[in-house]
Each structure stands twice: as structure tokens, then as C-alpha cells.
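Trainee: With the sequence up front, the predicted model follows.
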Amino acid sequence: MTASYASRPETSRGRLHAEGGGAQRGPRDAFQRDRDRIIHSISFRRLRHKTQVFIAPDGDHFRVRLTHSIEVAQIGRTIARALGLNEDLTEALCLAHDLGHPPFGHAGEDALKAATMPAGGFDHNAHALRILSRLETPYPRWPGLNLSWETLEGLAKHNGPVRHPGWALREVDAAFPLDLASWPGLEAQVAAVADDIAYDNHDIDDGLRSGLIDLDALLSVPFVADNWRRVEARYPDLPRDRLMPELIRDQIGVMANDVIAETRVRLRESGAGTVEEVRAAGRALSDFSPGIAAEERTLKRFMYANMYHHPQQKIVAAAAGSVVAALFACYHEQPALLPSSWLAGLPADEPGRTRHIADFIAGMTDRYAIARHRELIGPVDLPEGF
């Protein structure tokens, strides 16, 4: 049974394109179909070769965008179930939230944003909406995956209201208005905080595994130190390396339980009893409590200082950004090098020309971008190991 404030497929605002008259493929509701369309999309499959933290990692055990998205979905669905929300919509939002990332993660995005600034820039979140609404074309009668309004709204606003949308999101919103100035439903809010929980903790796991951070330094973070003491107390005779996975699991549990409890408090305080009242509440109703939010910010500062901005990572990121910048310049100056299907759709004028080339590059996986750079420009100078 779902709660009164949950999103309901039977009261969905529908899809942009009517789908009547086609075959019904199994007994699924609107949000289940959205989730399945995302899973079966080309863009979702490409996430297996897109950077999460480590660019083109040599180790098979490091996360990539695909594994990260699956982990976010697991956490999001657990929280949604505890709160009586729609689990299928939550899962769809979690699985799709990173579809718009270009190759090489944030390094690739920064390079693509700089290259496309004269045409309005690039934003990975808006690009996910562009992919799902226009660029993927698996259906014969319309572009995009034709997802329900609630899924598109949740992806557009999972981090809160969008006051100043960029060009890509404005295009999607003009075709199918998403009420960008309001808060989204709780399923989208849960997806956003599940993303934080997943990458906070799984990036710790990858950072320890890689050697970029060590446990003693990590234990300077009070939240981590508190959880570590509890783990050691349960298993006093086991070596440290056996306890690290337990630490990660405990921290995920602490954060998820905090979100569930805090959401219940905020729902009571707000009096919101329907999804529309959630949207009109004027603030996030699903988030960390103030105490855990402060702890999480401290943890993030540690991770930025010691891992994301680690000198070795910065060298790799600069090299990866150069690959994206060089590919954009190459295709913009010599569009005949584009694959024939992309060349056929190339607009003659700006900003369409720049945006079209950016669409092509954003869809590349890390290894495809490296291969195209080697073919068209020359060797790629990416340091070994990550």
C-alpha cells in the first residue's frame, strides 16, 4: 500500500505522445514502463563504460556510472518502501539520473561546457532530459522514450526547483511543461538523497581500494570515526581490512535511516497529504536531518580535499578534458568526420551545429572517445592506473 502523498501511476499527467492502439507488452503500469524503457535504452547500457570517479580504471572492482546508478536505485527503493512511496518511479529516477554525463565524468563535462559556451553551454542533468525526450529513438512514431510526466519532472527537479533553466531544459519544458518552479514529488527527492548516500560511501570504498585515501586519514572525519568505533566494538578480533566493507554498510544504514526518520518528521510538520501538497510545500520534505547533513558536508569536504582533488586525479582529469576539447574542435572544424548518421542530421547554422556535435560527443563512452582521439588526432596521454 502506498501512502497518500506518493505518486500514483493511475493519476499520472500522462505522456507527451499518445500511445493508444499499440500492443500492450505485459501487465505494467506507467511508472514500471518508464523504468523498463530506461533499462533497455542505449544510453543506460553506455553507462558501463563511463567514468564515476576513476577515469578508464584498470581495476575491475572500481565503480562506473552503471554500477553507481544501480547502487543508487537499491538505496532509493529501500527508502521509498519504508515511506510508502512509489518504488517503481523512485527506481526509474535513480537509474536515469546520470544518463546525461559525457565521457570522463565531470572533467569531460567541464570541457564540453567550455567548448559549447557560445551555444548556451552544456549541463549533464538537462542533457539527460534531452536524451530521453529527443535523442533516443527506439519507437517508430515519436522521438525519445516518451516517458511519463512524473518521471521527466523528477529528473528535471530532483535537486529542487529550477529557476533559471538552460537552453536544453527550456526546450523540453516548452514541449511538455514540467512546472519547473515547484518542488518535485517525494520519489524524486528520495532519488536525490540516495545519490548522495551512494557516492559518499562507495567513493570511500573506491578511494581506500585505490590507495588515494587511507583509513587513518579518513578517521579524522567524526562521522566516520563514530561508525568505525561501533564496527570495531562488534568485531574486536578481526583485522582492519575485513572491517572496511562493514563500515561502508553501516554508514549507508545510518544515513538511510536518518532520511526515513527526518522525512516523516517533515511530512508531519508540513501537513502534506498529497503529492500536490508535497510540491507546494516550499522546501524539501525528504532529506538528511540537520545533524547528519552537517556530518555529511564535513565528509564531502574531506573527500574533495583528499580524493576528488588529489594531485594524481587532477592530472588525469586535465588529460581527459583535453581529449574532449580536442574531439569537439576536430568535429566542429571537419564535420565530415562525423559518422554518416550524425552528419546527415547536422544543422547548417549555429547554435544548432555546435549543439549537435556536443550531443554526439556527450554520448561517447570513455573508451570510444579515446579510440576516436587516437584515430583522428593522435595518442592519448592518460596516466596509467586510473
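Mentor: Noted; the coordinates are in hand.
Trainee: My read is that residue 149 contacts residue 173, right?
Mentor: No. When contacts are counted by Cβ atoms under 8 Å, residue 149 is not listed as touching residue 173 (11.3 Å). Where you see a C-beta, it was placed from the backbone N, CA and C, and this is true even at glycine.
Trainee: Skipping adjacent residues, who's closest to residue 255 in space?
Mentor: residue 197 (4.6 Å; Cβ to Cβ, 6 or more residues apart in numbering).
Trainee: how much space between that neighbour and residue 11?
Mentor: 29 Å (Cβ to Cβ, to the nearest Å).
Trainee: again, but for residue 341
Mentor: 39 Å.
Trainee: Equivalent analysis for residue 89, please.
Mentor: 12 Å.
Trainee: Could you do residue 363 as well?
Mentor: Applying Cβ to Cβ, the value for residue 363 to residue 11 is 34 Å.
Trainee: List the buried residues for the host helix or strand of residue 77?
Mentor: Using DSSP states H and E, residue 77 sits within helix 65-83. Residues 65-73, 75-80, 82-83 are the ones in helix 65-83 that count as buried (16 or more other Cβ atoms under 10 Å).
Trainee: Ok, stretch 327-346 next?
Mentor: Buried, per 16+ other Cβ under 10 Å, within stretch 327-346: 327-328, 330-331, 338, 342.
Trainee: so residue 363 touches residue 46, yeah?
Mentor: Yes. Here residue 363 reaches residue 46: they are 6.9 Å apart, a contact under Cβ under 8 Å.
Trainee: The two - which one has more neighbours?
Mentor: Neighbour count, other Cβ atoms under 10 Å: between residue 363 and residue 46, residue 363 has more, with 22 against 19.
Trainee: Who are the contact partners of that one?
Mentor: Neighbour list for residue 363: 43, 46, 102, 131, 135 [criterion: Cβ atoms under 8 Å, 6 or more residues apart in numbering].
Trainee: hang on, the earlier thing: so for residue 89 and residue 11, which sits in the more crowded spot?
Mentor: Ranked by neighbour count (other Cβ under 10 Å), residue 89 and residue 11 place residue 89 first, with 32 against 11.
Trainee: From residue 232, how far out is the spatially most central residue of the chain?
Mentor: By Cα atoms, centre = their mean, the chain has its centre lying nearest to residue 98, at 2.8 Å. Here residue 98 is placed at a distance of 34 Å from residue 232 (Cβ to Cβ).
Trainee: Repeat that for residue 300.
Mentor: With Cβ to Cβ as the criterion, residue 300 and residue 232 are 24 Å apart.
Trainee: How is the nearest residue to residue 181 once chain neighbours are set aside assigned, secondary-structure-wise?
Mentor: Counting by Cβ to Cβ, 6+ apart, residue 161 is the residue found nearest to residue 181 once chain neighbours are left out, at 5.3 Å. Recorded secondary structure, residue 161: coil (DSSP: H, G, I helix; E, B strand; the rest coil).
Trainee: OK, contacts around residue 161?
Mentor: By Cβ under 8 Å, 6+ apart, the neighbours of residue 161 are 180-183.
Trainee: Likewise for residue 171?
Mentor: By Cβ under 8 Å, 6+ apart, the residues touching residue 171 are 130, 134.
Trainee: Domain-wise, how is the protein divided?
Mentor: Domain ranges of the chain: 30-110+121-310+381-386, 313-376, per automatic domain parsing.
Trainee: possible to save these as TSV with distance to residue 7 and mean pLDDT?
Mentor: Converted to TSV, those look like this (distance: least, Cβ to Cβ, whole Å; pLDDT from 0 to 100):
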stretch	distance to residue 7	mean pLDDT
domain 30-110+121-310+381-386	5	94
domain 313-376	29	96
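Trainee: Most tightly packed of those?
Mentor: Of all the domains of the chain, domain 30-110+121-310+381-386 carries the top mean neighbour count, a mean of 19, counting by mean count of other Cβ atoms under 10 Å.
Trainee: Over to residue 18: give its phi and psi.
Mentor: Backbone torsions for residue 18, taken as degrees, to the nearest 10, come to phi -70, psi 140.
Trainee: Could you quantify the relative orientation of the longest helix anywhere in the chain and helix 65-83 as an angle?
Mentor: The residue-count maximum for a helix in the chain (DSSP state H) belongs to helix 240-270. Taking axes from the mean of the first three to the mean of the last three Cα atoms, to 10 degrees, one finds helix 240-270 and helix 65-83 inclined to each other by 50 degrees.
Trainee: Which residues does stretch 317-337 contact?
Mentor: For stretch 317-337, the surrounding residues in contact (Cβ under 8 Å, 6+ apart) are 51, 55, 102-108, 110-112, 114-116, 338, 343, 346, 353-354, 357-358, 360-361, 364, 366, 369-370, 372-373, 376-377, 380-383.
Trainee: now stretch 137-156, how far from the centre of its chain.
Mentor: 17 Å (Cα atoms, centre = their mean, to the nearest Å).
Trainee: first vs last residue of it, how far apart are they?
Mentor: 20 Å (Cα to Cα, to the nearest Å).
Trainee: And for stretch 115-135?
Mentor: Start-to-end span of stretch 115-135 (Cα to Cα) is 20 Å.
Trainee: Make 9 the starting number, not 1.
Mentor: Sure, I'll start counting at 9 from here, so that last one is stretch 123-143.
Trainee: returning to that earlier point: pretty sure the residue nearest to the centre of the chain sits against residue 79.
Mentor: No. Counting by Cβ under 8 Å, residue 79 is not a contact partner of residue 106; they are 11.3 Å apart.
Trainee: and stretch 26-42, which residues are buried?
Mentor: Neighbour-count burial for stretch 26-42 [16+ other Cβ under 10 Å]: 38-42.
Trainee: ok, the residue nearest to residue 263 - contacts?
Mentor: Counting by Cβ under 8 Å, 6+ apart, residue 205 has contacts 83, 260, 263-264, 267.
Trainee: helices or strands up against the helix or strand that contains residue 381?
Mentor: Applying DSSP H and E as the criterion places residue 381 in helix 374-384. When contacts are defined as 3 or more Cβ pairs under 8 Å, 6 or more residues apart in numbering; DSSP states H and E, helix 374-384 sits against helix 319-341.
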